[in-house]
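Enquirer: Pasting the sequence and the predicted coordinates here, then a few questions.
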Amino acid sequence: MRLSFVVALVIVILLAAWSMFIRDTRLELTREGMTKAVPLREVDSRTRELERQPADSARTAVETPSRHVTEAPPNVEPVNDKSLLTRRLTVTFTRDGSPAPGIDSWLASEPAFGRESPTLHDEAMAFPTSAVHVESLPDGVARFECVYLGRHYLGFDLTADHAHPNWFVMNPLYPGHDYAVRLGSARILGRVFDSAGRPSPGISIAVEPAVPDPQTKLLINVYARTNDHGEFEIGALAAGDYAVVLERDGRFDGFGDVERRSVTLAAGETRRVQFGDEGLGARWHGRVLNEFSNPFEGTGRLQLERRDGVGARTTTIAVDGGFTLPVTAGEWNILVHVTGAPEAGHDLGRIVLDGLDVERDLIVPGARVAGRVTGLAPDLLADPSGAPVLSFHREGEDFPAAFRSVSLHRDGTYAIDAVGPGRWVASLWPVAFDGDSVTVDVLEGVRIVQRDFNVRGK
């Protein structure tokens, strides 16, 4: 009886030990065909690491920029790698369908840029010096070995000077995958001139595809600068639609002085693009004035746009209203951006120029609404840079582009010119008017409307 009890106790102990072993381990098959026990915490660690990668079925291998929604490219295949923390990342370069050897490539992790979603084309931020550099082999393949898991960005150069990349894959790339970059033999040649018709050296140019590559789903931009003669050349482009973008500060963030040209390239085609005009001889001299033949307050901007959409001219309007603008023959739209103008500027219609010198003033028609705003705290008017802003918009047109704004003077007075007939709704920031709705009626043929306002604190 005692022996049976001992045997039963031993069996219970063995079963409990086996249960704990099964709970904390997992059997895996080794290379030799044997099984081995692996602690579950190690397996879980691997699983969590792999889950952070996009290689599973729930995530695509190529992330495209937010302005494009695409599926994962069919050529992306996971690369087998034993390491838990690193993977191989390969990029196959082709040109017109043939392998492209000798292409210098740099791969940098996202943290190396010091910020999320790096602006690769920002000339103020160089490609990280920690980037790994390899060269594509005779088969066109660039292999980056032992790349740590996470998001990476690729840059490459075709000049063979091994200096720095000027082509950038805008998609984040992930270790453990194969990618393909398809180049071509089309070219874009161009020149850049300033407002006086002189060549502009050192100007930044970008060529951006309209959509990602339909086969690889990669979006690849290329950047260049004009030489001493204002010339630039960008080759190795695949057939497709592109935007040629000029931005003089080189940041390509949409806030600088930007000009664009649209280009469609066939395979092997060379297209020429020009910004500005060479050796302009004709000039338009004049002043931008209000209904009372006075200049608008402060400086402004005069803009001419070709009616056929192939060119534009922009110049500064001085404090006295004066401007000088190079011109060529053609039909142009006139836009004036001055104090109190709507967001799109005052549209003065079209003008036909014959390519000769022009001496002509521009009058912006419309009434003047003027007056004083009372009831303001003195400190609000003390600092001109932070003065209250008075805005007007036509009744029923309360969208942002319709608002026209001026700052109050130190004595609380204001004046806004070129106001058309109709009922206008006034508002003030950062304080509010005393009343639910404040309107101003401008009658046809009236040149001056006097309107004072009183305010209350918000």
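Expert: Ah, there it is. Since this is a predicted model, take the numbers as computed values, not measurements.
Enquirer: Enumerate the positions of the top strand by length along the chain that are buried.
Expert: For the chain, the strand that runs over the most residues, judged by DSSP state E, is strand 86-95. Neighbour-count burial for strand 86-95 flags 86-95 (criterion: 16 or more other CB atoms under 10 Å). All C-beta atoms are positioned from the backbone trio N, CA, C, and that covers glycine.
Enquirer: Direction included, what does it pair up with?
Expert: In the sheet, strand 86-95 lines up against strand 98-99 (antiparallel), strand 141-148 (antiparallel), strand 178-183 (parallel) (DSSP bridges).
Enquirer: tell me the most buried of those?
Expert: Neighbour counts (mean count of other CB atoms under 10 Å) averaged over each of the strands paired with strand 86-95 peak at strand 178-183, with a mean of 21.
Enquirer: pLDDT on it, on average?
Expert: Across strand 178-183, pLDDT averages out at 97.
Enquirer: And for stretch 100-113?
Expert: Rounded mean pLDDT across stretch 100-113 is 90.
Enquirer: For that stretch, measure first residue to last.
Expert: Start-to-end span of stretch 100-113 (CA to CA, to the nearest Å) is 28 Å.
Enquirer: Could you do stretch 361-369 as well?
Expert: Note: stretch 361-369 ends 23 Å apart using CA to CA.
Enquirer: The protein: helices as residue ranges?
Expert: 2-24, 40-51, 378-382 (DSSP state H).
Enquirer: now the first one: mean pLDDT?
Expert: If I follow you right, that is helix 2-24. 63.
Enquirer: now do the last one
Expert: For helix 378-382, the mean pLDDT works out to 82.
Enquirer: what's the neighbour count on Asp213?
Expert: Residues near Asp213, counting by other CB atoms under 10 Å, number 17.
Enquirer: no no, Ala163
Expert: Neighbours around Ala163, by other CB under 10 Å: 9.
Enquirer: per-domain residue ranges of the protein.
Expert: The chain breaks down by automatic domain parsing into domains covering 42-279, 283-363, 367-456.
Enquirer: So for the shortest one, first residue to last residue, what's the gap.
Expert: As for domain 283-363, its first-to-last residue distance stands at 19 Å under the measure CA to CA.
Enquirer: From the chain's centroid, how far away is it?
Expert: Domain 283-363 sits 28 Å away from the centroid of its parent chain (CA atoms, centre = their mean, to the nearest Å).
Enquirer: cool, stretch 101-116 as well?
Expert: Using CA atoms, centre = their mean, the offset of stretch 101-116 from its chain centre is 19 Å.
Enquirer: Arg151 is in contact with Asn171, isn't it?
Expert: No - counting by CB atoms under 8 Å, Arg151 does not reach Asn171; the two are 9.7 Å apart.
Enquirer: of those two, who's got more company?
Expert: Neighbour tally, Arg151 and Asn171, criterion other CB under 10 Å: the higher count belongs to Asn171, 24 against 17.
Enquirer: What confidence value was assigned to the spatially closest residue to Leu158 that is not a sequence neighbour?
Expert: The shortest distance from Leu158 to any non-neighbouring residue, by CB to CB, 6 or more residues apart in numbering, is to Ala236 (5.6 Å). The score at Ala236 is 95. That number is its pLDDT.
Enquirer: what's the answer for Gly268, then?
Expert: In this model, Gly268 is scored at 94, pLDDT.
Enquirer: And the closest residue to it other than its chain neighbours, how close does it get to Val440?
Expert: Nearest non-adjacent residue to Gly268, counting by CB to CB, 6+ apart: Ser185, 4.7 Å away. In this structure, Ser185 and Val440 are 63 Å apart, going by CB to CB, to the nearest Å.
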